[in-house]
Structure formats: structure tokens, C-alpha cells
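Participant: Structural data only, the sequence is not supplied:
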């Protein structure tokens with residue numbers, strides 16, 4: 001089975017390494033260090049060739065891609081990346097590309113919307129009462145946290161209030177007040193670096209170690225509006241290129257979401273490749289502005305991981321699709 005896909009490229013996608021229990025809350029984004037390092041060992045033990053992104057795309061274009069080639073990428077640029085993603089990859093001699101979103105890299109504060117959602121998951125409180133204006137709910141004096149639907153609704157209201165009515169200092173004040181209401185340790189989380197991104201110092205450190213730092217927009221949004229999209233990449237480049245010491249031309253769509261209308265804009269902005277979260281291998285002749293990846297997760301077993309990167313599951317999906325088309 002592996003022979004059928006041996007000359008196709010598999011791009012792996014990771015995000016953050018868990019500092020506490022983030023992997024239990026959001027296993028599609030956070031992974032334990034042991035799990036990540038275990039994946040790298042599987043690649044080595046099963047004879048996969050790990051290439052840098054630029055090298056792999058060049059070889060794919062030239063038709064010289066080695067058999068069973070893998071590229072390792074990570075999105076966002078979480079703060080503990082040097083001690084986890086970078087260190088683990090360097091232990092195995094594996095190149096790594098990290099796509100960095102720069103707003104929170106500049107601000108050096110926890111990511112507001114992500115932390116609000118985590119706090120609501122983390123708390124044991126079943127309700128909140130009293131003046132809730134400090135947490136972004138003016139005029140509200142009671143919320144029910146016992147019902148999951150209601151809990152999510154209040155979570156979204158707080159996030160929207162912070163985005164629409166507050167600057168970054170105001171949003172951090174909401175987080176601190178919310179932790180107090182939910183009986184959680186805001187200071188401890190901030191000190192541990194939870195939901196924070198690497199700053200200029202950490203990014204310079206990993207770039208000096210040979211990590212490929214690339215583009216992921218400034219605010220982790222890529223609107224279907226040419227001027228706004230251009231601004232997102234321009235501000236991202238302005239922050240990252242002095243650190244990387246080179247022109248950046250590889251991009252990752254925030255949350256993997258993209259629109260065909262955006263592709264000509266990326267060409268004009270000198271973007272050579274753009275990765276999505278669409279599952280699959282990359283083949284010679286594919287559009288490099290819609291590169292497929294495999295989003296690895298904490299909840300995926302080693303056997304499932306190997307079945308995916310070998311092409312076995314891709315082949316099974318193809319067969320299942322053909323059978324369905326026959327019966328339909």
C-alpha cells in the first residue's frame with residue numbers, strides 16, 4: 001500500500017504542546033510532549049524521509065521527491081515551542097516550519113478568545129451571580145453554567161464583547177476578572193505561558209537554530225477582501241522578516257480556511273505556497289496555494305497515524321467512494 005503513495009508528499013500539521021491539561025480540552029490543537037516526540041520516533045523507525053518545506057516543494061516540482069517524504073509544520077507559534085517542538089525535531093535532525101501569527105507575538109498576552117473558552121471548560125462553577133460587567137456582561141446578574149448550550153452562549157457573548165468594546169488591556173482585564181469569578185488562577189496561567197505565543201526573542205532564537213519561520217497573518221484572520229487580506233500579510237511580514245532574515249513566501253491559512261478568490265491576491269503578494277487543513281497527500285502538479293495537510297491530534301492512535309501517512313486510509317477512502325458511486 002505504501003508503494004502507491006511513496007512519491008507523494010505528506011505535510012503534517014501541529015499547533016501547541018500542552019503545558020497542563022490543554023490537550024484534554026482541545027486535543028485537535030494541543031498535544032502532550034511525549035505524544036509529539038513519539039510521532040517523530042515513528043517516522044524514524046518506519047523509514048520516512050523528513051524534509052524542509054522549501055526543499056520538499058522544490059523536489060516535488062522537479063520530480064525528484066524521495067520516496068515516503070514528510071514535512072513537519074506547526075501553526076501559530078506557541079510560547080513553549082523552543083523547548084518542545086524545536087528541541088524534539090532537532091534531536092531527530094528533522095527540519096521544522098512554524099507559521100507565526102504576529103499580533104499576540106507582539107502583545108505577549110494570552111490569546112483572548114482561546115483562553116475564555118478554556119476557562120469555561122476548566123471551571124467547576126455551575127453558575128455566576130452578581131455584577132458581571134467586569135467580565136464583559138454588563139446588565140447581566142446571573143448566568144447558568146450547568147447547561148452546555150447556555151455555557152457556550154455566554155462564552156461567545158464575552159468574546160464578542162471583548163473584541164468589539166475593548167483594547168488588549170481591556171481584554172486582559174476581562175480574563176483576570178473572569179478567572180476570579182470562576183475561581184481559577186489567572187496569574188499562574190500567565191506565568192506558565194498558557195495560550196501565549198513566542199515573542200521576538202524566542203522567534204529569533206529558533207530562527208537562529210534553523211527553524212523555518214513563515215507567515216500566518218497578523219490577527220489570525222484572512223478576510224475575503226483584497227485590501228484587508230493584503231494588510232494581514234503585510235503586517236505579518238513586517239514583524240517576521242527582520243527576525244527570519246529573509247523574504248517570506250510561504251503562508252498558512254488561519255484555521256485552514258480559504259476562498260478561491262484569494263489565490264490571485266496571494267500570487268500578487270509573492271506567496272509561493274499556502275497550506276490548508278484539507279486532508280490528503282500533495283502530488284506533482286498540485287496548486288501550491290492549496291496544499292493539503294494531515295492535522296495530527298492527541299486522540300489519534302499510533303496505528304491510525306501510520307495508516308494515514310502510509311496512504312492506507314486514503315486508499316480505503318477512495319475504494320469506499322467508488323463503491324458508494326456504484327450503488328448510488
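Facilitator: Looks like it came in fine. Bear in mind that the values here come from a model prediction, so they are computed numbers and not experimental data. Residues are numbered from 1 along each chain as shown.
Participant: start to end distance for stretch 95-109?
Facilitator: By CA to CA, to the nearest Å, the extent of stretch 95-109 from end to end equals 28 Å.
Participant: Identify each buried residue in that stretch, please.
Facilitator: By neighbour count with 16 or more other CB atoms under 10 Å, stretch 95-109 contains the buried residues 95-105, 107, 109. All C-beta spots, glycine's among them, are computed from the backbone N, C-alpha and C.
Participant: residues near residue 45, how many?
Facilitator: 9 (other CB atoms under 10 Å).
Participant: What ranges does this structure have for its strands?
Facilitator: Secondary structure of the chain (DSSP state E): strands located at 9-14, 16-17, 30-31, 49-50, 69-76, 97-100, 127-129, 142-144, 212-215, 250-252, 273-275, 294-295.
Participant: same for the longest one, what does it pack against?
Facilitator: I take that to be strand 69-76. strand 9-14, strand 49-50, helix 53-62, strand 97-100 (3 or more CB pairs under 8 Å, 6 or more residues apart in numbering; DSSP states H and E).
Participant: Residue 176: what's it in contact with?
Facilitator: For residue 176, the contacting residues are residue 186, by CB atoms under 8 Å, 6 or more residues apart in numbering.
Participant: Pull up the gap between it and residue 112, please.
Facilitator: Distance of residue 176 to residue 112, computed by CB to CB, to the nearest Å: 12 Å.
Participant: now swap in residue 13 and tell me
Facilitator: The value you get for residue 13 to residue 112, if CB to CB is used, is 23 Å.
Participant: swap in residue 158?
Facilitator: Counting by CB to CB - residue 158 and residue 112 are separated by 9 Å.
Participant: and if you look at residue 46?
Facilitator: 40 Å.
Participant: of those two, who's got more company?
Facilitator: The residue with more neighbours, out of residue 46 and residue 112, is residue 112; 22 against 12, by other CB under 10 Å.
Participant: Disregarding flanking residues, what is the spatial nearest neighbour of the more buried one?
Facilitator: Spatial nearest neighbour of residue 112, excluding adjacent residues (CB to CB, 6 or more residues apart in numbering): residue 171 at 4.4 Å.
Participant: Name the residues contacting each of residue 158 and residue 112.
Facilitator: With contacts defined as CB under 8 Å, 6+ apart, the residues shared by residue 158 and residue 112 are residue 174.
Participant: List the residues that contact residue 10.
Facilitator: Going by CB under 8 Å, 6+ apart, residue 10 touches 69-71, 281-282, 294, 309.
Participant: Which one (most neighbours) among these?
Facilitator: So for these (other CB under 10 Å), the most neighbours sit at residue 71, 26 neighbours.
Participant: so residue 71 sits right up against residue 58, yeah?
Facilitator: No: using CB atoms under 8 Å, residue 71 is not in contact with residue 58, being 11.8 Å away.
Participant: Could you measure from the residue most central in space within the chain over to residue 98?
Facilitator: When CA atoms, centre = their mean is applied to the chain, the residue found nearest the centroid is residue 75 (3.4 Å). Taking CB to CB as the measure, residue 75 falls 8 Å from residue 98.
Participant: got it, and residue 233?
Facilitator: Distance from residue 233 to residue 98, by CB to CB: 17 Å.
Participant: now residue 195: how far from residue 172?
Facilitator: Using CB to CB, residue 195 is found at 11 Å from residue 172.
Participant: before we move on, what about residue 222?
Facilitator: Taking CB to CB, one finds residue 222 at 25 Å from residue 172.
Participant: what's the answer for residue 233, then?
Facilitator: According to CB to CB, residue 233 stands 27 Å off from residue 172.
Participant: what's near enough to touch residue 22?
Facilitator: The neighbours of residue 22, taking CB under 8 Å, 6+ apart as the test, are 16, 29-30, 118, 194.
Participant: at 10 Å what do you get?
Facilitator: 15-16, 29-32, 78, 114, 118, 121-122, 194-195, 298 (CB atoms under 10 Å, 6 or more residues apart in numbering).
Participant: Now residue 104. Nearest residue, chain neighbours left out?
Facilitator: Of all residues apart from its sequence neighbours, residue 197 sits closest to residue 104 (CB to CB, 6+ apart), at 4.6 Å.
Participant: Is there a neighbour count for the one you found? I'd like the number.
Facilitator: The burial count for residue 197: 26, using other CB under 10 Å.
Participant: before we move on, back to that, with respect to residue 129, which of the contacts of residue 10 is nearest?
Facilitator: Nearest to residue 129, judged by CB to CB, of the contacts of residue 10 is residue 294 at 45.6 Å.
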